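# Show me the folded form of this:
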Amino acid sequence: MRTRYWVAGLLAAAMFAVVQAQPGFFGMGVGGGPNFLVINKAVQEELKMTEEQIAKVNEWSKDFFQTAAEIRKEHGIEFKFGGKGGKGGFGFGKLSEEDKAKLEKANIAIAKEAYKQLGDILNKDQITRLKQIERQLLGVNAFVNAEIVEALKLTDNQKATVKGVISDFQTERRELMADLGFGKGGGKGKFDPDAFKDIQKRFQEVQTKINKAEEEAINKILDVLDDNQKKTWKELVGAPFDRSRLVPAFGGFGKGKFQKKD
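Take a look at the predicted model:
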């Protein structure tokens, strides 16, 4: 019985990893935000944190987990795992526009408080780089982030272009992920090494296509920015950070850097 559903389990785990590797995932407040990023080994290395700083942020994160939960609750959000959510609760189903707005406001408040407290542990340059990494992980959704929209001073026409590009990208991403056949078949039988390798290959191919589509979407948006806006954008995101370093290795897929056009 314990070996009957290994394929379905593998597909679920791999699907989660593919989704997690997408920039938009971190913008949901599920795997992103300074409180999550700062305890990631890859980010700690990028920030050149000392052993003392690493020990402090790792301890800090334990207490801040509760702080973040309290902030979400203040905004009417309480995650409920293992179900579809309910009144006053959030599951992992499709969120309404009202719920999305609540979640966005909560995430903004959480990030603000996190950066305030992290200022006692990290130096100014480290905080700046942490913010740059967080913005990069938003991917195309960075261009609808309130802070970034304000910094870039996007015009109404540019906002309309951004909305259209993001919509097209999301459609393409859904289609690519649907090609994985998640939820179809799977199930019975013992672990099959050959089938395992085949699934890994399929996910790697899809991840590569999604990364390319997202890079193209970002470049389409950058094409409508003027020189001053492009300069501001580069300052906001800094040097490219390899987001695949944030995701546990799964057969080597999910590799690729956040691309930005010169």
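# who touches residue 65 in this structure?
Taking Cβ atoms under 8 Å, 6 or more residues apart in numbering, we find residue 65 in contact with residue 35. Quick note: C-beta positions are derived from backbone N, CA and C, even for glycine.
# So what does it look like in phi/psi?
phi -60, psi -40 (degrees, to the nearest 10).
# how near is it to residue 201?
37 Å (Cβ to Cβ, to the nearest Å).
# Next: residue 100.
35 Å.
# what's the answer for residue 50, then?
Counting by Cβ to Cβ, the gap from residue 50 to residue 201 is 41 Å.
# The two - which one has more neighbours?
Neighbour count, other Cβ atoms under 10 Å: between residue 50 and residue 201, residue 201 has more, with 13 against 10.
# tell me what the helix or strand harbouring that one is packed against?
In the assignment (DSSP states H and E), residue 201 maps to helix 193-222. In terms of contacts (3 or more Cβ pairs under 8 Å, 6 or more residues apart in numbering; DSSP states H and E), helix 193-222 is packed against helix 6-21, helix 156-178.
# residues of the strand or helix carrying residue 62 that come out buried?
Here residue 62, judged by DSSP H and E, is contained in helix 51-74. For helix 51-74, burial by neighbour count (16 or more other Cβ atoms under 10 Å) applies to 53-54, 56-57, 60-61, 64, 68, 71-72.
# then that helix to CSV, C-alphas only?
The C-alpha coordinates for helix 51-74 follow below in CSV (Å, rounded to 0.1, in the frame of the first residue of the first chain):
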residue,chain,number,x,y,z
GLU,A,51,28.3,33.6,11.5
GLU,A,52,27.0,35.9,14.3
GLN,A,53,24.5,37.5,11.9
ILE,A,54,23.3,34.1,10.7
ALA,A,55,22.8,32.8,14.2
LYS,A,56,20.8,36.0,15.1
VAL,A,57,18.5,35.9,12.0
ASN,A,58,17.9,32.2,12.4
GLU,A,59,16.8,32.8,16.0
TRP,A,60,14.9,36.0,15.1
SER,A,61,12.9,34.2,12.4
LYS,A,62,11.4,31.8,15.0
ASP,A,63,9.9,34.7,16.9
PHE,A,64,8.9,36.6,13.8
PHE,A,65,6.9,33.7,12.5
GLN,A,66,4.3,34.4,15.2
THR,A,67,4.5,38.2,14.5
ALA,A,68,3.7,37.6,10.9
ALA,A,69,0.8,35.4,11.8
GLU,A,70,-0.6,38.1,14.1
ILE,A,71,-0.2,40.7,11.3
ARG,A,72,-2.1,38.5,8.9
LYS,A,73,-4.8,37.9,11.4
GLU,A,74,-5.2,41.7,11.9
